[in-house]
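Trainee: Let's see this in three dimensions:
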Amino acid sequence: MKLIDTSCWVHQIRARGDPAVRSRVESALTAGTAAWCPQVRLELWAGARSDQDRKLLRDYERVLPDLAMTDQVWALACDLADRARRAGISAGAGDLLIAACARVHGAELEYADADFDLLNSL
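Mentor: From the prediction side, this is the model:
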């Protein structure tokens, strides 16, 4: 299972998205391994620009597994936030939740956001 981060979905949705990122997302969709979580859905809905974007998001909602934001995810996100701060890393709450969700669910995190490289070191 691959938790696809918002940074990758944006490339997938936008006509001018990075072809390499689009290919990675398409491969996961085709293989049936793509998933998302409530934080990613929220970020995508907040950025939806058109009726076409909204239709695509509704289509994804019908087929993509939604990895739950459990108490364990929240606890790990808080722990990651603490470890990041101690390491001098400033991480956004959304990225912390997404990283924690992937770890708790044993999913590979597919991303195009360098902030996750820093979180992976924790």
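Trainee: residue ranges of the strands in the protein, please?
Mentor: 2-4, 34-35, 108-110 (DSSP state E).
Trainee: Now do Met1: how many residues are near it, please.
Mentor: The number of residues packed near Met1 is 14, by other Cβ atoms under 10 Å. Any C-beta I mention is one placed from the backbone N, CA and C, and that applies to glycine too.
Trainee: hmm, which helix or strand of the protein has the shakiest average pLDDT?
Mentor: Every helix and strand of the chain was ranked by mean pLDDT, DSSP states H and E. The lowest is helix 115-120, at a mean of 92.
Trainee: follow-up on the earlier one: quick one, which of the strands of the chain gets closest to Ser90.
Mentor: Proximity of these to Ser90 was assessed by Cβ to Cβ; the nearest stretch is strand 108-110, lying at 18.9 Å.
Trainee: how about the closest one: buried residues?
Mentor: Within strand 108-110, the residues that count as buried by 16 or more other Cβ atoms under 10 Å are Leu109, Glu110.
Trainee: What pairs with it, parallel or antiparallel?
Mentor: In its sheet, strand 108-110 lies beside strand 2-4 (parallel), with partners assigned from DSSP bridges.
Trainee: JSON lines for the strands of the chain, including distance to Asp82 and mean pLDDT?
Mentor: As requested, the strands of the chain are exported to JSON lines (distance: least, Cβ to Cβ, whole Å; pLDDT from 0 to 100):
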{"stretch": "strand 2-4", "distance to Asp82": "22", "mean pLDDT": "98"}
{"stretch": "strand 34-35", "distance to Asp82": "26", "mean pLDDT": "98"}
{"stretch": "strand 108-110", "distance to Asp82": "20", "mean pLDDT": "98"}
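Trainee: Between those strands, which one is closest to Asp66.
Mentor: Asp66 sits nearest to strand 34-35 of all those, at 7.2 Å, using Cβ to Cβ.
Trainee: Isn't Ala91 up against Leu80?
Mentor: Yes: under the criterion of Cβ atoms under 8 Å, Ala91 lies in contact with Leu80, with a separation of 7.2 Å.
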